[in-house]
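sequence first, then the predicted structure, then my questions.
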Amino acid sequence: MQPDERVTKDYLEAFARIARGIAASLEGTPAAALPVRMFVAGGAALYLHTGARVSEDIDASFSRRLVLADDMSVAYRDVDGRTRILYLDRNFNDSLGLLHEDAYAASIPVSLPGVDARLIEVRVLSPLDLAVSKLSRFSDQDRADIECLARERRIDSKTLRRRAGEALKGYVGNIDTLKNTIDIACGIVDAARAPSAPKRGRRGA
């Protein structure tokens with residue numbers, strides 16, 4: 001996929017520099033172990049899909065265990081001219097939240113400048129799986145992100161309910177709470193997709 005047209009070139013270059021740094025650490029790796037797949041979630045995935053919200057960190061899982069340099073951060077200029085820092089979140093853990101078992105298989109490869117896909121293949125969670133991943137914590141920001149995906153016509157309540165229900169089958173714990181969260185999330189999606197719902201304009205400053 002190509003990132004949303006509202007994603008800034010400077011952000012993409014910063015993201016690509018981090019990916020290139022990961023790729024550099026893989027030089028000399030046996031060909032049978034390559035490419036390593038980088039599965040992007042969280043705010044970075046939302047921004048690549050919609051251009052709606054700039055995230056300072058990259059939440060990502062990998063198809064292999066990696067030894068990376070200590071500093072995986074890059075400074076860049078945002079559209080307002082301010083310096084921002086983009087960094088790889090080393091504390092991200094995808095085992096504690098709701099995620100469909102096929103989410104990584106359904107992820108979408110994203111094109112980034114100068115990144116050698118033979119070493120590191122950058123993939124972004126699909127909009128649907130990204131929405132599912134936000135149901136466990138379901139903070140105000142998660143609700144806003146789900147609303148954004150719906151407003152941008154990237155998800156609908158029927159497929160979200162089905163995908164989340166399928167994901168629940170692989171989980172233990174307080175599932176009843178998650179079922180209620182799914183109901184609330186689907187209501188948010190329906191409201192955001194309603195014909196009278198306000199549309200978000202192009203991202204400016």
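Nice, thanks for sending it over. Numbers count the residues shown, from 1 in each chain.

can you count the residues close to residue 81?
Under the neighbour criterion other Cβ atoms under 10 Å, residue 81 is assigned a count of 7. C-beta here means a position set from N, CA and C on the backbone, and glycine is covered the same way.

how near is it to residue 10?
Between residue 81 and residue 10 the distance is 10 Å, computed by Cβ to Cβ, to the nearest Å.

next one: residue 20
Plainly put, residue 20 is 15 Å away from residue 10 if you go by Cβ to Cβ.

could you do residue 170 as well?
Here the distance between residue 170 and residue 10 works out to 39 Å (Cβ to Cβ).

the helices in this structure, which residues?
Per DSSP state H, the chain has helices spanning 9-25, 42-50, 127-133, 140-151, 157-168, 175-193. These are given in chain order.

can you list the low-confidence ranges for the chain?
Across the chain, residues meeting the criterion (pLDDT under 70) sit at 197-205.

can I get stretch 142-157 as CSV, trimmed to CA atoms?
Extracted in CSV, the C-alpha atoms of stretch 142-157 (Å, rounded to 0.1, in the frame of the first residue of the first chain):
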residue,chain,number,x,y,z
ASP,A,142,-8.6,4.3,21.3
ARG,A,143,-12.2,5.3,20.9
ALA,A,144,-11.2,8.3,18.9
ASP,A,145,-9.0,6.1,16.6
ILE,A,146,-11.9,3.7,16.0
GLU,A,147,-14.2,6.6,15.2
CYS,A,148,-11.6,8.0,12.8
LEU,A,149,-11.3,4.6,10.9
ALA,A,150,-15.1,4.5,10.6
ARG,A,151,-15.3,8.1,9.5
GLU,A,152,-12.7,7.5,6.8
ARG,A,153,-14.8,4.5,5.7
ARG,A,154,-12.1,2.0,6.5
ILE,A,155,-14.3,-0.1,8.8
ASP,A,156,-17.9,-0.9,9.5
SER,A,157,-19.7,-2.3,12.5
